[in-house]
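Asker: sequence plus the predicted model coming up.
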Amino acid sequence: MGTFDLNLARVFVLLYETGSVTATAETLHVTQPTVSYSLGKLRRHFDDELFRRNGRGLTPTAGARRLYEPLQRALGEIDGTVRQGHVFDPATMSGRFTIALSDLGEATLLPRLLAAARERAPGVSFTVRPFDVEDAESQLRRGDLDAFVATPVITSHLTVRVPLFRERYVLMVAADHPRIRGDAASLADLAAEHHATVFGPSGHVAPRAVLAAHGLLERVAVDATRFSMLPYLLEKTDLVAIVPEFVGEVFTASHRVRLVRLPFETEPIEIALYARHESSRTPAQRWLVRFMAQVLGEQVSPAQLPPTAAR
């Protein structure tokens with residue numbers, strides 16, 4: 001089979017993770033024909049097609065799937081050794097990162113992230129794009145995003161998922177709601193009230209799923225596209241809304257709304273950070289992932305507290 005160039009291993013891993021000749025070329029700072037030429041050499045070396053074209057990019061063959069893990073692991077070990085002399089120093093270096101957040105993330109996570117960045121990495125700046133559950137992975141693969149934070153579980157060999165924290169759901173109502181006055185709502189209360197829900201590209205579908213499970217979707221009076229508008233709507237009406245608890249606590253600090261317990265247990269949701277694989281990241285992106293995981297992972301949600309401490 002002859003000798004094997006380490007650069008070919010890097011091309012293979014990036015093609016596998018991105019599914020794109022263009023994204024691989026951009027990451028390696030080479031031309032697309034150079035990547036295509038390297039792919040031809042890889043195919044001849046392994047006597048396998050390795051990748052087939054489909055409507056959205058390249059799909060690995062069974063042979064490529066067998067090769068990926070050992071090559072990715074070996075490349076990661078080599079890169080780890082080499083990176084000891086090539087690190088991103090946030091205290092002295094500058095960089096601009098593009099991340100995607102839902103409107104909930106912008107309201108609750110972005111302030112914490114920016115406050116920590118101003119203190120630890122004064123030369124770092126951010127471009128924030130709206131999270132779109134249908135397109136975020138492709139944006140990450142193309143290099144349009146450096147990372148994104150999401151509630152939906154996105155399973156893909158193209159991304160790494162880093163759990164951050166968990167949330168539970170509560171009911172949010174106007175501070176002076178005319179009927180729901182205590183600190184807990186009954187199922188009869190939920191059935192009697194009209195609800196506001198959010199249906200949009202953030203993929204945060206659990207509140208509607210909860211209502212559907214109890215036959216209450218017909219009680220939905222308004223479907224909005226962003227969670228951040230809910231407190232404005234609720235404080236001026238008698239509508240109610242199911243929201244993540246920490247988000248609701250943020251809203252209660254700035255709006256005339258309050259939180260009450262739901263009459264049933266809901267499965268906690270897990271908020272996670274998504275990024276490209278370690279071997280596909282630049283030194284700056286590696287720092288970003290560690291930084292976001294540390295800062296946002298410190299976010300203590302009421303779902304993480306003992307029941308007596310959460311109230």
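Answerer: Cool, the structure landed. Residues are numbered from 1 along each chain as shown.
Asker: only C-alpha atoms for contact and neighbour calcs from this point on.
Answerer: Fine.
Asker: contacts for the helix or strand residue 141 falls within next, please.
Answerer: Element membership for residue 141, per DSSP states H and E: helix 136-142. Here helix 136-142 makes contact (Cα atoms under 8 Å, 6 or more residues apart in numbering) with 17-20, 22-23, 100, 145-148, 158-159, 275-276.
Asker: the spatially closest residue to residue 94 that is not a sequence neighbour: what's it in contact with?
Answerer: Of all residues not flanking residue 94 in the chain, residue 123 sits nearest, at 4.2 Å (Cα to Cα, 6 or more residues apart in numbering). Residue 123 makes contacts with 90, 91, 92, 93, 94, 95, as judged by Cα under 8 Å, 6+ apart.
Asker: again, but for residue 18
Answerer: 24, 141, 142, 158.
Asker: do residue 239 as well
Answerer: 173, 174, 193, 194, 195, 196, 221, 233.
Asker: in the helix or strand hosting residue 12, what's buried?
Answerer: Residue 12 belongs to helix 6-18 when assigned by DSSP H and E. Using 16 or more other Cα atoms under 10 Å as the test for burial, helix 6-18 gives 9, 10, 11, 12, 13, 14, 15, 16, 17, 18.
Asker: before we move on, what about stretch 110-120?
Answerer: Under 16+ other Cα under 10 Å, the buried positions of stretch 110-120 are 110, 112, 113, 114, 116, 117.
Asker: contacting residues around it?
Answerer: Contacts of stretch 110-120 (Cα under 8 Å, 6+ apart): 90, 91, 124, 292, 295, 296.
Asker: now for those: which two are most distant?
Answerer: Within the contacts of stretch 110-120, 91 and 296 form the most distant pair, 19.5 Å apart (Cα to Cα).
Asker: more neighbours: these two, which one.
Answerer: Using other Cα atoms under 10 Å as the criterion, residue 91 and residue 296 rank with residue 296 on top: 21 against 13.
Asker: okay, and that one sits in which element?
Answerer: Secondary structure (DSSP H and E) places residue 296 in helix 283-297.
Asker: and that helix, what other elements does it pack with?
Answerer: helix 110-120, strand 160-167, strand 269-275 (3 or more Cα pairs under 8 Å, 6 or more residues apart in numbering; DSSP states H and E).
Asker: that helix to strand 269-275, inter-axis angle?
Answerer: 170 degrees (axes from the mean of the first three to the mean of the last three Cα atoms, to 10 degrees).
Asker: tell me the confidence at the residue positioned nearest the centre of the chain?
Answerer: Most central in the chain under Cα atoms, centre = their mean is residue 149, positioned 2.4 Å from the mean C-alpha point. In this model, residue 149 is scored at 95, pLDDT.
Asker: is the closest residue to it other than its chain neighbours in a bridge, and if so with what?
Answerer: Sequence neighbours aside, residue 273 is the residue nearest to residue 149 in space, at 4.5 Å (criterion: Cα to Cα, 6+ apart). Residue 273 has these beta-bridge partners by DSSP bridges: residue 149, residue 162.
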